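>>> below are the sequence and a predicted model; questions follow.
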Amino acid sequence: MLDPQLLRSDAQACAERLRIRGIELDIDRFATLDGERKRLQVATQELQSERNKQSKLIGQKKAAGEDVSAILDAVSELGARLKQHEGELDALQAEINTFLLEIPNLPHATVPEGQTESDNEELRRWGEPPQFDFEPKDHVDLGAGLEMMSFDTAAKIAGARFSFLQGPMARLHRALIQFMLDMHTQEHGYQEVYVPYIVNSDSLFATGQLPKFAADLFELRGEEGYWLIPTAEVPVTNIVRDEILAADTLPLRFVAHTPCFRSEAGSYGKDTRGMIRQHQFEKVELVQIVHPENSYDALEALTGHAERILQALELPYRVVALCGGDLGFSAAKTYDLEVWLPGQSRYREISSCSNFEAFQARRMRARFRDSATGKPALAHTLNGSGLAVGRTLVAILENYQEADGRVRIPAALKKYMGGADTLSK
RNA sequence: GGAGAGGUGGCUGAGUGGUCGAAAGCGGCGGUCUUGAAAACCGUUGACGGGCAACCGUCCGGGGGUUCGAAUCCCUCCCUCUCCGCCA
């Protein structure tokens, strides 16, 4: 949520920043709603104040044994008017709240302009795409050849956009999770957490998936307001919802491995082959809760932590800064890591690292006690994939393939694979 | 799932339908004392919103109700604890 104060004091500036996203803010609508709110709120509070005074007086007179019937009549008439005002004010505030909840975050000043993915700005590349003296296969053919991956089996069990792995490839998939968690906890200072995979609506409002993006989520049937998590960002960031943290506890760094569930509504026909885009996939997620002054340094560090995984696995990748039009709803700035996939001869997203500034914190009242003022202040929240596990498996299969269809195991993973150095039939 | 007991400020914990946003203790902050620290003593210390301000309003798990007035009474939902049942 944007700062309502900022919206009141400088709506023009907000609108200008949102234009980078290609979004037009309805300034007049807000001004009208807020003007009316102000009028109603002042009037309502005056009535409340009057009622409080009279009620107090009644108490005092009764205690003194005086007659109160005259005041009683006057005040009960006041009560009816008050109820009317309060009802109107509540309705108006609900309307304003809905309006505010649907405005995306303001992009940071360094966010490139542009509408689509193609306008993203490449910042750097790491590693060289491998040269093959044969025609490289994609992960689907490699998996089928090894008899360790079957989308037919997954489709029979569940449906489209699910995957089925078996044997050493299932183990490799698990090994990746262990490897990522170990690196982030042992080398990057994150605390591992285990969290619910089902969350309530409040949590989804807090991180920004609701109210606008309910269609992207799986909601449980028969249980009101229970949803499968689309990312660990939701349960992990909500750890600090409604908390006032001591300043010296910041920064908080959490890492969690969870499955992620996405309806992928609206992505029909996109990435239908293989395990690039699934209803269910595993992800190791990094989350940081930091002092506002440090959040952009933290974004660089967090992105670096995700990059370290790709480097350790010796997978070529590039880093791009998302343009305004490609930026997620809650993010002020996002770096995507894109890994090289020989099966597609292109870089594909494998991690997305964002600074949300106070956008999520304001929605969830995540605060810390500012040592300078002694007052609670909003923290900044960040998160990033470290990494998407399924896509990392895809990248390993495709980058480490041999002419005969075998796949070498990256050196960093061997100890997680019982010393094996290839996947082979 | 059944029965019972509870949810109050950063924490523990009092609370009568009428100056209760809330006693007390702990913790925090400031001070006195001390070479310094501890102890002791004194003072101070909730959040959110509106207003230039004086100040006003809201908040005692969430929502609704009764009342001139609700932390206190009623309804409902959520959560925690104890016992029983079931179970990984």
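Everything's here; your move.

>>> interface residues of the stretch 1-150 of chain A facing RNA strand B?
Neighbours of RNA strand B within the stretch 1-150 of chain A, by CB under 7 Å from any atom of the strand: A:4-5, A:38, A:41-42, A:45-46, A:48-49, A:51-56, A:58-60, A:62-63, A:72, A:75-76, A:79, A:90. From N, CA and C alone the C-beta is placed, and that goes for glycine too.

>>> and the buried ones among the residues you listed, selectable in ChimeraX?
Filtering those down to the buried ones (16 or more other CB atoms under 10 Å) takes a single ChimeraX command:
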select /A:51,54,75
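
>>> how close does the residue of the stretch 1-150 of chain A found nearest RNA strand B sit to A:Ala361?
Here the stretch 1-150 of chain A gets closest to RNA strand B at one residue, A:Gly59, 2.9 Å apart by CB to the nearest atom of the strand. Using CB to CB, to the nearest Å, A:Gly59 is found at 41 Å from A:Ala361.

>>> what helices or strands is the longest helix along chain A leaning on?
In chain A, taking DSSP state H as the definition, the longest helix is helix A:27-63. Judged by 3 or more CB pairs under 8 Å, 6 or more residues apart in numbering; DSSP states H and E, helix A:27-63 is in contact with helix A:4-9, helix A:11-19, helix A:69-101.

>>> okay, angle between that helix and helix A:69-101 too, please.
For helix A:27-63 against helix A:69-101, the angle by axes from the mean of the first three to the mean of the last three CA atoms, to 10 degrees is 150 degrees.

>>> and the average pLDDT for helix A:27-63 is what?
Across helix A:27-63, the average pLDDT comes to 88.

>>> that helix to helix A:11-19, inter-axis angle?
Following the same axes, to 10 degrees, one obtains 130 degrees for the angle between helix A:27-63 and helix A:11-19.

>>> quick one: low-confidence parts of chain A?
A:223 (pLDDT under 70).

>>> the spatially most central residue of chain A and RNA strand B: what is the separation?
Compute the mean C-alpha point of chain A, and by CA atoms, centre = their mean the closest residue is A:Glu233, 4.9 Å away. Distance, A:Glu233 to RNA strand B, using CB to the nearest atom of the strand, to the nearest Å: 22 Å.

>>> excluding its backbone neighbours, what's nearest that residue?
A:Asn383 (4.6 Å; CB to CB, 6 or more residues apart in numbering).

>>> for that neighbour, give me its contacts.
Counting by CB atoms under 8 Å, 6 or more residues apart in numbering, A:Asn383 touches A:233, A:236-237, A:285-288, A:302, A:353-354, A:356.

>>> cool, A:Gly79 as well?
When contacts are counted by CB under 8 Å, 6+ apart, A:Gly79 touches A:Arg51.

>>> how near is it to A:Ala109?
From A:Gly79 to A:Ala109 the distance is 51 Å (CB to CB).

>>> A:Leu92 now?
A:Leu92 is 34 Å from A:Ala109, by CB to CB.

>>> the more surrounded of those two?
Using other CB atoms under 10 Å as the criterion, A:Leu92 and A:Ala109 rank with A:Leu92 on top: 17 against 9.

>>> what separates that one from A:Asp3, distance-wise?
19 Å.

>>> now the phi/psi pair for A:Leu146, please.
The phi/psi pair for A:Leu146 (degrees, to the nearest 10) reads phi -80, psi -10.

>>> residues in contact with the nearest residue to A:Lys375 once chain neighbours are set aside?
Distances taken as CB to CB, 6+ apart put A:Arg369 closest to A:Lys375, at 7.2 Å, once the chain neighbours are dropped. Contacts for A:Arg369 (CB under 8 Å, 6+ apart) come out as A:244-247, A:375-377.

>>> could you list which of the residues you listed also contact RNA strand B?
Applying CB under 7 Å from any atom of the strand to these, those adjacent to RNA strand B are A:244, A:375-376.

>>> ok, the residue of the stretch 251-400 of chain A found nearest RNA strand B to A:Val407 distance?
In the stretch 251-400 of chain A, no residue comes nearer to RNA strand B than A:Pro376, which is 3.8 Å away by CB to the nearest atom of the strand. For A:Pro376, the distance to A:Val407 (CB to CB) stands at 52 Å.

>>> which of these two has more neighbours?
When A:Pro376 and A:Val407 are compared on other CB under 10 Å, the one with more neighbours turns out to be A:Val407, at 24 against 15.
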